[in-house]
Structure formats: structure tokens, C-alpha cells
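K.L.:
let's see this in three dimensions:
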Amino acid sequence: MTEPQPISSPLGTLSRREIPDLVRSQLEALLRQGDLQGAKAILVPVQPVDIAEAIEGMPEAMQAIAFRLLSKSEATEVYEHLDSSVQQVLLEDFKRQDVLDIIGNMSPDDRARLLDELPSKVVRRLRAQLSPTEWQSTALLMGYESGTAGRIMTPEYISVRENMSVSQTLERIRTLSPVAEIIYYLYVMDSERRLTGIVSLRDLVISSPEEKISEIMTRDVVFVHTDTDGEEVSRLIQRYDFLAIPVVDREQRLVGVITIDDAIDIMEQETTEDIYALGGVQTDGDNYFEMSLWTVARRRVVWLFVLLLTNTVTGSIINSQKDLLQQVVVLTAFIPLLTGTGGNVGAQSSTVVIRGMNTDEIRLLGPLKVIWREGIAGALLGTILGTLATIWAFFLLQVNLQVAFCVGISLIAISILASVSGSALPFLFRAIKLDPALMSAPFITTAVDVLGVLIYFNIARLFLGL
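P.N.:
Down below sits the predicted model:
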């Protein structure tokens, strides 16, 4: 058997995406040989997130063995990066002390996220093993509604008082840094724990030791409440280029902070959900590629069934126009062109509007201006495409000029219809508290297919005098 080559030297020459694959292949080879020391050695220069990805790709029987090669300090950080399904598998193999060493050392927000995803039986077992302090800090977060700032915040921050000096504050940072998740922002509170200001580590370092916190702190603090939606929190952090944002309760008392890494996770999750929703796929936040095929089919079939009904209606309309189609059979050939183009135009409009909603880019324009703008864009697109379709139908397909004009004008009308419906429906669904991304696609398809075919046939009757 070929001896696995050490990976410590070539790490710098690899792309970051290649490292987990190389680590995984080396670990599997060494573990099959029983070389635990060699396997432990190759993990030393590797980042925790890369180790986690490498372990996730290993056979289940090897995952626990590879994880046990890590030191206690590194094991907790790697565990936080693992997928929830792998975390649960490892938990089942842990001894009681292993659980205390890993789960107990996790930050409260990561621990709360883990417990959220575990079966209730496992949660009860973990609760019995955690200390009262560890459980209390976790239960506090789990008491807030899912997806809110209170649920994703961490209570591990450093607070100071206005009358403290810079030197006293720096000493406090040295003392509390081992148990604090962030030290680059410090939060100033009064005697009733109300948030009164914020001071950055940079301001502390460049200030003289005798200066008071009250002299260097920022009093105009941007904060969120415990019930603020997580997506809104991530937008604020992005808008103001923060590394963290404080969370207060209704009495303005500081209860936690949300760091940028959690905000990035929220943005990624929300973007993923929106992309899936635009395709009519429901995920409920789960990893789509780890679902069973039955679950995949069940979640995708709903909107496919809606579209099936839509096509049935469209088919009925076409069937009702048999007299027209029998006289001008060539009209049938252009139906897929018209409905397909209209569907694409509508999808483009809904995509840009939904994305604008999520980023607040269209907030100042308002719904009416956005719909008007998209309607004009649809008319321009329809004119360009309609002209090309008319020329194509007349010269290349050699159909009657009147039929060619019917196709071109119908394409203009359908493009306007698709753009207006594609931009208006997301606003309508948001107003009635439904997910615009999930609801818009099937209804846009319905509008374009059903109304588009009706428009086409009526224009044809008008032009052809039938």
C-alpha cells in the first residue's frame, strides 16, 4: 500500500476548496492503516472549518474516530462547524465527559442552535448533563421566537461603566476575554444595565490610560430589539459595516450581541431559501441535499400540481378555440413561443423585485413606480422580441403577414402583462403576509399562460376577421 504523503507542506499551494478533500483522503488512508499518530499530525496545520468539512465527507464509522483525534480546545470549534446530522451522530458516540467537554464549551447561541435541531429525547439527555449555568444561558436564548435577534444573539460580551478609565477597561478585557465571544466592541451600561454607549477596542488602544470611558465612547448606538427579525439584523450589520450589533429588551437593557459571522449565516440561509422558493421548492431551512427522496418529492410536488392545473385551464381555452385553429392551423405553432417568452419575462421581473425587497433597494421608489418601470421595460422588451418574431415568422417560416403581425403584437401585449404581474404580485403577497418568493412564480405562470393565450386568440380574431 502506498504511504500517504504529509499535507503540511503543500497546504499553501492549494486552493481553500481543495484542502478539505485532501485532508479527508489522507485521514481515511491513515485510519485504515491504523496510524492514529499520523492522522493526528496532519490535522495540526488545518483550520477547524476545513477539518469539519473533511469529517463530514468521511464514512460514518470513521467520523467519530477522526473527531477524537482533536484536542479538547479544537474539538469544540470543529463541532460548531459540523452539519447538524453529523453532530447528532457524534453525540450518540460520546461518553458523558465528552459531551460536557464539547457541548459545555460551546457558545450559548451555537448550543441553542444545536439543541433546536436535535430530537427532544437527546435534548433532555443533554440538559441533564449540562451545568445549571450552561443550561440557563442556553434556555434564555431558546425562550425567544425562532428567527429573531434574541434567538441568535450571544450573551458573552464585555460591558463597562462610564466612570471607568481606559487602563481599567483594558485590564477588564484581559480578565474576561477567555469567556467573551467578542472584544472588539465594549458596551457601556448604567446601573440598571441600560445601554448608554459603545466603545471600540481601537479607541481604547489609541487613548491615554487616564481617560474615562465617558470621554471616548459613542453615545449614538445602533441596536436591535430581541424580537427584531434576523434578516433585518443582517441588513443593519451590512448597512453600517458593523462587526457586531447589540441586542436590547423593551426596557433598553442590554441582553446580548449578534456578531457578523452569525449575520453572514442568516444572509446565506435567507438567500438560499429565496432561490429555492423562486423555483417552487420548499426547504424549511433544511439542507436540501440531505433530505430523503420522498421528502424532496413531497416538497416539490405542491407547486408542480398547481402548474398542472394551470396547464389544464390553458388546454381548455385552446380547446374552446377549435374553430379558429381549424381555419388557421399555423396559429398553434406559436403558442409555446408566446407563453414561454412571457414566462421568462415575468420571472425576470419578479426576480429583480424580490431581490430589491430583500436588499431594500426599492424602498424609496414604492410599489407603483416599480410596477410602472417594469411595465415600460416589458413594453420595450416586447417591441424588440415582437419585431424579431414577426420578421422570423414572415420571412423564415413564410406564414401569412397578418398571422406574423398577430404573433408580434401578442408578444408585446404578453410581455407587458408578464412584467406587470411579475412586479406587482410580490408586493401583493408581501402585503397579505405571504412569502413573495414562494408564491409569485406559480401565479405569474398562471397569469401568463391563461391570459396570454386569451390575448393571442383575441388579437388573431381581430386581425384575421374571424
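K.L.:
so how far is Val296 from Gln88?
P.N.:
According to Cβ to Cβ, to the nearest Å, Gln88 stands 20 Å off from Val296. C-betas here are computed from N, CA, C, even on glycine.
K.L.:
pLDDT weak spots in the protein?
P.N.:
In the predicted model of the chain, residues 1-14, 95-97, 99-100, 278-291 satisfy pLDDT under 70.
K.L.:
center of it, which residue is that?
P.N.:
The centroid of the chain falls nearest to Gln269 when counting by Cα atoms, centre = their mean (2.0 Å).
K.L.:
next, work out how far apart that one and Leu385 are.
P.N.:
Here Gln269 is placed at a distance of 37 Å from Leu385 (Cβ to Cβ).
K.L.:
likewise Asp274?
P.N.:
Asp274 sits at a distance of 27 Å from Leu385 (criterion: Cβ to Cβ).
K.L.:
and the nearest residue to Arg16 once chain neighbours are set aside, how many residues sit next to it?
P.N.:
Spatially, and ignoring its direct neighbours in sequence, Arg16 is nearest to Asp50 (7.5 Å; Cβ to Cβ, 6 or more residues apart in numbering). When neighbours are counted by other Cβ atoms under 10 Å, Asp50 registers 23.
K.L.:
would Asp50 count as being in a strand?
P.N.:
No. Checked against DSSP: H, G, I helix; E, B strand; the rest coil, Asp50 lies outside a strand; its state is helix.
K.L.:
ranges for the strands of the protein?
P.N.:
In the chain, the segments counted as strands under DSSP state E are 159-160, 185-189, 195-200, 224-225, 244-248, 254-259.
K.L.:
quick one: the fourth one to chain centroid distance?
P.N.:
Centroid separation for strand 224-225 versus its chain: 21 Å, with Cα atoms, centre = their mean, to the nearest Å.
K.L.:
what sits against Ile55?
P.N.:
With contact taken as Cβ atoms under 8 Å, 6 or more residues apart in numbering, Ile55 is in contact with Arg24, Leu27, Gln63, Ala66, Phe67, Val78, Leu82, Val86.
K.L.:
on that earlier part again, isn't the residue nearest to Arg16 up against Arg17?
P.N.:
No. Asp50 is not in contact with Arg17 according to Cβ atoms under 8 Å; the separation is 9.6 Å.
K.L.:
run through the bridge partners of the closest residue in space to His225 that isn't next to it in sequence.
P.N.:
Residue nearest to His225 in three dimensions, not counting chain neighbours: Val248, with 6.1 Å by Cβ to Cβ, 6+ apart. Beta-bridge pairing of Val248 under DSSP bridges involves His225, Leu254.
K.L.:
how much space separates Val248 from Ile152?
P.N.:
Taken as Cβ to Cβ, the span from Val248 to Ile152 is 15 Å.
K.L.:
counting neighbours, go ahead and name the busier of those two.
P.N.:
Neighbour totals were compared for Val248 and Ile152, and Ile152 leads with 25 against 21 (other Cβ under 10 Å).
K.L.:
residues near Thr312, how many?
P.N.:
9.
K.L.:
OK, contacts around it?
P.N.:
The neighbourhood of Thr312, defined by Cβ under 8 Å, 6+ apart, contains no residues.
K.L.:
now do Thr169
P.N.:
Val160, Leu186, Val199, Leu204, Ile213.
K.L.:
Val224 touches Ser234, doesn't it?
P.N.:
No. Using Cβ under 8 Å, Val224 makes no contact with Ser234, being 10.4 Å away.
K.L.:
got the residue ranges for the helices in the stretch 151-300 of the chain?
P.N.:
Per DSSP state H, counting those that start in this stretch, the stretch 151-300 of the chain has helices spanning 166-176, 201-206, 213-216, 230-240, 260-278, 293-320. These are given in chain order.
K.L.:
ah, wrong one, I meant the stretch 1-150 of the chain
P.N.:
Taking DSSP H, counting those that start in this stretch as the criterion, the stretch 1-150 of the chain contains helices spanning 18-33, 36-42, 48-56, 60-67, 72-81, 84-93, 96-102, 108-117, 120-129, 132-142, 149-152.
K.L.:
just the stretch 301-450 of the chain next, same as before
P.N.:
So, for the stretch 301-450 of the chain - with DSSP H, counting those that start in this stretch - the helices run 322-327, 335-359, 367-391, 401-431, 436-446.
K.L.:
who does the second one touch, helix- and strand-wise?
P.N.:
Read that as helix 335-359. helix 260-278, helix 367-391, helix 401-431, helix 436-446, helix 452-464 (3 or more Cβ pairs under 8 Å, 6 or more residues apart in numbering; DSSP states H and E).
K.L.:
any chance of the strands of the chain in TSV, plus distance to Arg124?
P.N.:
Listed next are these as TSV, based on distance: least, Cβ to Cβ, whole Å:
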stretch	distance to Arg124
strand 159-160	33
strand 185-189	35
strand 195-200	36
strand 224-225	31
strand 244-248	28
strand 254-259	25
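K.L.:
Asn458 is nearest to which of those?
P.N.:
Taking Cβ to Cβ, strand 224-225 is the member of those nearest to Asn458, at 52.8 Å.
K.L.:
packing partners for that closest one?
P.N.:
So strand 224-225, by 3+ Cβ pairs under 8 Å, 6+ apart, packs with helix 230-240, strand 244-248.
K.L.:
closest one to Ile182 among those?
P.N.:
Closest approach to Ile182 among the helices and strands packed on strand 224-225 is made by strand 244-248 (5.3 Å; Cβ to Cβ).
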